[in-house]
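Colleague: need a 3D model of the following:
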Amino acid sequence: MVKVISLLIGGCFCFLLACNTASPPTDETTAIPMVKQTAIADNETTKMATPPAIKMDSSIATTHLMGKFNPLKDSDFIEIEIQYADRPDQLLHKETYAAFIQMFEAAKKDGIKLIIKSATRNFSAQKTIWEGKWNGKRLLEGNINAAKKISDPVERALKILEYSSMPGTSRHHWGTDIDLNAFVNSYFEKGQGKKEYDWLVANAEKFGFCQPYTPKDSKRPEGYNEEKWHWSYLPLATRLSDQYKIRLTNADITGFDGAETAPKIDIIKKYVFGINHQCL
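Modeller: Predicted structure coming up:
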């Protein structure tokens, strides 16, 4: 059995040759700190201090943020053992994997079995999924052939975006996100599936995981539809999303069929960051 548990605390997070020491899985991330109130004088009202800008992290490559790399050749990624997955040859970042194993064992003690159905997908893998749906080779939910049924490019992209990411924008590129047990919300609404989901809601946060795609509401009006199966390891994902925000624009989302719709949709704001606010 691969010994990766020790990597959860104080592991290195290196996408390039440079390596920075990653923070342990705590509430501390590289997100913008909470703004503090500063008193001007005893009789004056308080002001809100300007938050410092997020610093560029030179250890993270922009190509990795967009999934344009081969995780098989990246030493930070590791193959998931078959006891934790529904098929071989899936990969995760080592820290995510270590955290998942701890969560898996805790769930097992409570009679819950967590199985990874999908993990890291690079740009190429996501392109295959996206273009399959864009060109009608893969049917959308409801057996819809998007190429035949939806002629307007933006409307077609929005329909695919209900559940599938454009290449270069998926959290699955990062090795931080996993799909668990099933790919339909209805599975998690009754019986064993509900027990599994209820356990995750109550316990996943203890291991650093958060559900990014919750039901849409006033706090999350845009983005992908609800995905009860999708969980993200925040100690790494938050750091990566912070870098994504300052490095990439909609104009960078290219290299696949339908990419011209990305700026029209405002793909980064509405989808990359259209997530559960507790996962930001």
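Colleague: contacts only, for Ile268.
Modeller: 169, 244-245, 248-250, 253 (Cβ atoms under 8 Å, 6 or more residues apart in numbering). C-beta here means a position set from N, CA and C on the backbone, and glycine is covered the same way.
Colleague: from Phe77, how far out is the closest residue to Gly111 other than its chain neighbours?
Modeller: Spatial nearest neighbour of Gly111, chain neighbours left out: Lys195 (7.9 Å); criterion: Cβ to Cβ, 6 or more residues apart in numbering. Separation of Lys195 from Phe77 (Cβ to Cβ, to the nearest Å): 31 Å.
Colleague: those two: which is more packed in?
Modeller: Neighbours were counted for Lys195 and for Phe77 using other Cβ atoms under 10 Å; Phe77 has more, 20 against 14.
Colleague: for that one, name its beta-bridge partners.
Modeller: His93 (DSSP bridges).
Colleague: number the residues from 57 up from this point.
Modeller: From this message on, residue numbering opens at 57, which makes the last subject Phe133.
Colleague: right, and it touches Gln146 too?
Modeller: No: counting by Cβ atoms under 8 Å, Phe133 stays clear of Gln146, with 10.2 Å between them.
Colleague: quick check: neighbours shared by those two?
Modeller: Thr176.
Colleague: can you give me the strands for the stretch 107-256 of the chain?
Modeller: 133-135, 147-149, 172-174, 233-236 (DSSP state E, counting those that start in this stretch).
Colleague: buried residues, the third one. List them.
Modeller: Taking 16 or more other Cβ atoms under 10 Å as the basis for neighbour counts, the residues of strand 172-174 that come out buried are 172, 174.
Colleague: what comes into contact with it?
Modeller: Outside strand 172-174, the residues touching it (Cβ under 8 Å, 6+ apart) are 136, 140-142, 146, 148, 156, 228, 234-239, 285.
Colleague: before we move on, back to that, looking at the contacts of Ile324, spot the one nearest Thr119.
Modeller: Leu304 (10.9 Å; Cβ to Cβ).
Colleague: gap between the closest one and Ala315?
Modeller: Leu304 is 14 Å from Ala315, by Cβ to Cβ.
Colleague: what sits against Ile206?
Modeller: 200, 212, 215.
Colleague: whoops, I mixed them up, Gln299
Modeller: Here Gln299 is in contact with 110, 112-113, 116, 121 (criterion: Cβ under 8 Å, 6+ apart).
Colleague: any idea which element it lies in?
Modeller: Following DSSP states H and E, the helix or strand that holds Gln299 is helix 290-303.
Colleague: who does the following helix or strand past that helix touch, helix- and strand-wise?
Modeller: Proceeding N to C from helix 290-303, the next assigned helix or strand is helix 318-321, under DSSP H and E. For helix 318-321, the elements it packs on are helix 209-216, judged by 3 or more Cβ pairs under 8 Å, 6 or more residues apart in numbering; DSSP states H and E.
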